[in-house]
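Participant: Need a 3D model of the following:
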Amino acid sequence: MISAAGDYTDMTRSKASLQSRIMLRFTKMNGAGNDFILIDNRARKIDLDRSQIAHLCNRHRGIGADGVLLLELSANRADFRMRYFNADGGEAEMCGNGARCFARFANRVAGANGKISFDTQAGVISAELASNLVKLRMTEPTDLRLNVKLPVANENKTVHFINSGVPHVVIPVAEIENFDVRLEGAAIRHHKMFSPNGANVNFIEKREPNKIAIRTYERGVENETLACGTGIVASALIFAATENTSGPIHVIARGGDELQVGFERVEGGFLNVTLTGPAEFVFEGTIEI
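Facilitator: Numbering: from 1, shown residues only. Take a look at the predicted model:
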C-alpha cells in the first residue's frame, strides 16, 4: 500500500510538472561561427534558471549553442537591454559576437533600424547595421596590463591582459594551428590571479603588419569556440600595443571569418573601439522547457 501510494504521488507530481512546462520560441544565430539562442523577452514572461539554459545549449539534448541572449526592454535611455548567459547557465557581462547577433535580432523582431543601443552588464553598446554585417561601438577597455609574468605549472609565462567588456588574457604564439588551446587555456582560465570569476584566454599569431589569427578558450563554455567577439577586440588591442601599430586590425577567427577592430590609441589605452563582423540567422523554432 505504501509503495502504491508513493507511485501515485510520483505520477501526480510528474503530471503537474508536464502541465507546467511551456513552449519557448527561439531564433538560432551565429556570429563568425560563435552560435547563440536568441529569445524575445520584452514581455518579461520568461525566467530561465541555470539548468534550463545549460539544457538549451546542450548540443545533444537541446538546441545547441555557445550561449543564450535575451532581448528585453531597457530601464534607461538605451533602446533595449541585452542579457547574455554562457553555455553553463552563468550570466556574463558581455559578448561581442552575441551583441552583433542581438542587433540583427532586434531589427527583425522589434523593428530596430539603422543604429540601435542596448544595455549590457559591461555598459551601453551601440550598433550600426549594414546587411549581414554589424559594426559595434564597444565600451571603453580597461585594466591594460602588458608583459605580466604568470606562473603556470613549472614555468613563468609572459602574458598580456585587458578587459574589453570581459576579462581577457592574450598570449602571442609562433604557430597557432598546432597549439593545444584546450590544455593551455584551461590552466590559465582558472589561475588564481584571475579568481574568482576567471578570464578568457586568447592565443594569437601575427600574419601581416595589421592582421592576426586567433584561437580562444572561453570561460563558461570551458572549451575553444570558433570565435569570441570580446576576445577578438582584446587581442587586436594587445597586438596594437605590443607591435606599436595603428588600426584597424584584421582578425581571422577559428571559424574562418575575418573581423575588423577599429580604435584610437591614447596614452595608456584606447578609445572609440569598434568591432565589425557578420551576424547570420540560422533557423527558428520552438522547444518545450
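Participant: how would you label Phe239: helix, strand or coil?
Facilitator: helix (DSSP: H, G, I helix; E, B strand; the rest coil).
Participant: nope, Ala234 is what I was after
Facilitator: helix.
Participant: what about it, how many neighbours?
Facilitator: Neighbours of Ala234 under the rule other Cβ atoms under 10 Å: 33. (Glycine included, C-beta is placed from N, CA and C.)
Participant: Give me the pLDDT value at it.
Facilitator: With respect to pLDDT, Ala234 scores 98.
Participant: Quick check: nearest residue in space to it, chain neighbours excluded?
Facilitator: His168 (3.6 Å; Cβ to Cβ, 6 or more residues apart in numbering).
Participant: would that neighbour count as being in a strand?
Facilitator: Yes: assessed by three-state DSSP, His168 belongs to a strand.
Participant: check contacts around it.
Facilitator: 161-162, 199-202, 230-231, 234-235 (Cβ atoms under 8 Å, 6 or more residues apart in numbering).
Participant: Glu140 falls within a strand, correct?
Facilitator: No: per three-state DSSP, Glu140 lies outside any strand segment and is coil.
Participant: Can you tell me the SS state at the closest residue to it other than its chain neighbours?
Facilitator: What sits nearest to Glu140 in space, not counting adjacent residues and going by Cβ to Cβ, 6+ apart, is Leu271, at 6.4 Å. Classification of Leu271 using three-state DSSP returns strand.
Participant: State the helix or strand in which Val109 lies.
Facilitator: helix 96-110 (DSSP states H and E).
Participant: For that helix, give the mean pLDDT please.
Facilitator: So the average pLDDT for helix 96-110 ends up being 96.
Participant: export it as CSV, just CAs?
Facilitator: What follows is helix 96-110, C-alpha atoms only, in CSV (Å, rounded to 0.1, in the frame of the first residue of the first chain):
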residue,chain,number,x,y,z
GLY,A,96,30.8,40.8,-28.8
ASN,A,97,29.7,38.2,-31.4
GLY,A,98,26.5,37.8,-29.5
ALA,A,99,25.9,41.6,-29.5
ARG,A,100,26.1,41.7,-33.3
CYS,A,101,23.5,38.9,-33.5
PHE,A,102,21.4,40.7,-30.9
ALA,A,103,21.4,43.8,-33.0
ARG,A,104,20.1,42.0,-36.1
PHE,A,105,17.6,40.0,-34.0
ALA,A,106,16.3,43.3,-32.5
ASN,A,107,16.0,44.6,-36.0
ARG,A,108,13.9,41.6,-37.1
VAL,A,109,11.5,41.2,-34.1
ALA,A,110,11.3,44.8,-32.8
